[in-house]
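Novice: could you look at this predicted model? Sequence included:
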Amino acid sequence: MIVMLICLAGGLALYVTIGRQVNFRGMLGGGSETALQAPPGFEVELFASGLRGPRFIAFGPDGVLYVADRGNNRIAMLPDADGDGRADDILSFADNVPSPHSLVYHEGAWYVGVPSGVVRLEDRDGDGRADVQTTLIDTFTPPGQHSTRTVIFLPDGRMALAAGSTCNVCDEDDPRRAAITVYDSPVGQETATGERVFATGLRNAVGLAIHPQTGELWASNNGRDLMGDDLPPETIYIVRDGLHYGWPTCHSGNVVDPDMGSPDSCAGVEPPIAEMQAHMAPLGIAFYTGSAFPAEYQGDLFIAQHGSWNRRVPVGYSVMRLPLDGSTPTGPAEDFVTGWLKEDGTADGRPVGLAVGPDGALYISDDKAGLIYRVVARP
């Protein structure tokens with residue numbers, strides 16, 4: 001009876017604290033294939049189904065789409081040998097990969113972000129399955145509130161790894177949390193070396209991408225929760241070595257944290273390159289590098305919005321487009337693919353990862369429904 005009363009009291013306290021700021025409907029339940037909408041001249045097609053919690057996606061040098069199939073603890077391959085716009089099969093490139101979130105191909109191997117760090121997968125005999133798995137980093141434990149690790153390679157060959165905070169807002173003991181850390185080139189090495197914090201103050205920089213012209217590192221960042229429906233904005237940053245991006249005392253370059261900030265907390269903080277509605281939860285980002293989309297889309301940034309829970313009226317559950325002229329936004333981020341979020345606040349899916357295919361289509365993973373969609377331009 002005492003335990004029950006304690007639980008009831010705790011639940012009441014949680015409701016009083018955040019109950020009027022949340023709406024979990026979009027997150028709950030199972031997902032399903034749904035009719036998605038894109039601008040005139042585009043169509044959204046189903047590319048693959050039958051995955052379990054697919055996160056980031058990337059095309060290999062073989063032209064095959066590889067998927068961090070997190071719910072199955074594997075890296076999956078989705079070949080489309082006949083070019084009909086549908087995956088022929090789901091093949092396993094590597095099993096027993098713990099909760100993979102991100103993956104990138106670099107100099108003959110796949111590098112995969114897992115909660116504890118990074119593993120490298122190599123197919124040395126060329127049979128389409130990884131026969132060597134090397135743990136390069138295993139020191140990011142415990143995961144805390146944010147368990148995803150996003151790995152990418154900088155133009156100079158160094159490996160970068162993003163890890164979110166262990167909390168909503170707090171002082172971190174590990175300087176690699178709420179930060180991006182870089183390492184020497186791990187090619188041919190058994191462990192990652194030369195660890196150095198590259199940029200700080202990024203609460204949860206899930207999406208990373210290299211600008212195809214400038215070589216700059218770009219990141220999507222998830223702002224803190226429990227500051228109301230509209231604060232702080234979600235953000236896109238150009239991430240530069242040695243800079244601080246504000247968290248936990250300042251958000252979006254100009255919003256002082258009500259719990260940990262002071263009047264001068266935003267002094268010297270690097271501002272974002274773009275802002276979006278609070279709580280959309282931007283995850284994967286991808287520059288459009290193909291040639292199939294119309295000219296006005298060339299070089300633009302696409303952003304997968306996983307969708308809100310910390311907002312009374314749900315937002316996100318979409319893919320947005322940030323129009324760019326080089327590295328300069330020419331307007332605000334705008335909806336590109338919608339339809340996951342329903343009028344009653346439920347959602348059929350939640351977009352996560354983005355990749356531009358050799359065919360010029362934009363591929364989207366949906367971790368709620370276990371699907372991969374394909375956006376194609378139609379004349």
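Specialist: Perfect, thanks for sending it.
Novice: hey, where'd the strands end up in the stretch 1-150 of the chain?
Specialist: Under the criterion DSSP state E, counting those that start in this stretch, the stretch 1-150 of the chain contains strands at 42-48, 54-59, 65-69, 74-78, 91-94, 102-106, 109-114, 117-122, 132-137, 149-153.
Novice: can I get the ones you listed in a markdown table with distance to residue 227 and mean neighbour count?
Specialist: Every C-beta, even on glycine, is put in place using the N, C-alpha and C of the backbone. Shown next, in a markdown table, are the strands of the stretch 1-150 of the chain (distance: least, CB to CB, whole Å; neighbours: other CB atoms under 10 Å):
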| stretch | distance to residue 227 | mean neighbour count |
| --- | --- | --- |
| strand 42-48 | 33 | 19 |
| strand 54-59 | 27 | 25 |
| strand 65-69 | 31 | 27 |
| strand 74-78 | 37 | 23 |
| strand 91-94 | 40 | 19 |
| strand 102-106 | 28 | 21 |
| strand 109-114 | 28 | 25 |
| strand 117-122 | 31 | 22 |
| strand 132-137 | 33 | 16 |
| strand 149-153 | 24 | 24 |
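Novice: mind listing what residue 292 touches?
Specialist: Residue 292 makes contact with 359-361, 376-377 under the criterion CB atoms under 8 Å, 6 or more residues apart in numbering.
Novice: buried ones only from the residues you listed, please, as a PyMOL command.
Specialist: Only the buried entries of these go into this PyMOL selection, using 16 or more other CB atoms under 10 Å:
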select buried, resi 359+361+376+377
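Novice: nearest to residue 37 among the contacts of residue 292?
Specialist: Nearest to residue 37 among the contacts of residue 292 is residue 376, at 13.9 Å by CB to CB.
Novice: may I see the strands of the stretch 1-150 of the chain organised as CSV, with mean pLDDT added?
Specialist: Output for these, formatted as CSV (pLDDT from 0 to 100):
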stretch, mean pLDDT
strand 42-48, 98
strand 54-59, 98
strand 65-69, 99
strand 74-78, 98
strand 91-94, 98
strand 102-106, 98
strand 109-114, 98
strand 117-122, 98
strand 132-137, 98
strand 149-153, 98
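Novice: any chance of those strands in CSV, with distance to residue 143 too?
Specialist: Formatted as CSV, those follow (distance: least, CB to CB, whole Å):
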stretch, distance to residue 143
strand 42-48, 28
strand 54-59, 14
strand 65-69, 16
strand 74-78, 19
strand 91-94, 21
strand 102-106, 14
strand 109-114, 10
strand 117-122, 11
strand 132-137, 13
strand 149-153, 9
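Novice: returning to that earlier point: narrow the contacts of residue 292 to those in strands?
Specialist: Among those, DSSP state E puts 376-377 in strands.
Novice: max pairwise distance over the contacts of residue 292: which two?
Specialist: Spatially, the most separated pair among those is 359 and 377, at 10.3 Å (CB to CB).
Novice: for residue 312, give me its contacts.
Specialist: So residue 312 contacts 20-23, 229 (CB under 8 Å, 6+ apart).
Novice: an error on my part: the question was meant for residue 152.
Specialist: 102, 104, 159-160, 208-210, 217.
Novice: which one of the residues you listed is nearest residue 32?
Specialist: Among these, residue 102 lies closest to residue 32 (CB to CB), at 25.4 Å.
Novice: now residue 358, nearest residue through space, not along the chain?
Specialist: residue 63 (5.0 Å; CB to CB, 6 or more residues apart in numbering).
Novice: what is the burial count for that neighbour?
Specialist: 13 (other CB atoms under 10 Å).
Novice: now do it, the pLDDT please.
Specialist: Among the per-residue scores, residue 63 shows a pLDDT of 98.
Novice: so it versus residue 81, what's the distance?
Specialist: In this view, residue 63 and residue 81 are 9 Å apart by CB to CB, to the nearest Å.
Novice: hmm, back to that, any idea which of the contacts of residue 312 is least confident?
Specialist: Minimum pLDDT across these falls on residue 20, with 62.
Novice: end to end, how far does stretch 293-307 reach?
Specialist: End-to-end distance for stretch 293-307: 26 Å, by CA to CA, to the nearest Å.
Novice: filter the contacts of residue 312 down to the buried ones.
Specialist: Among those, the ones that count as buried by 16+ other CB under 10 Å are 21-23, 229.
Novice: could you list the low-pLDDT ranges of the protein?
Specialist: Within the chain, the stretches with pLDDT under 70 are 1-20.
Novice: mind doing that once more with 50?
Specialist: Applying pLDDT under 50 to the chain flags residues 1-17.
Novice: got the phi and psi for the residue most central in space within it?
Specialist: In the chain, the residue lying closest to the centroid (CA atoms, centre = their mean) is residue 283, at 2.8 Å. Main-chain dihedrals, residue 283, degrees, to the nearest 10: phi -120, psi -110.
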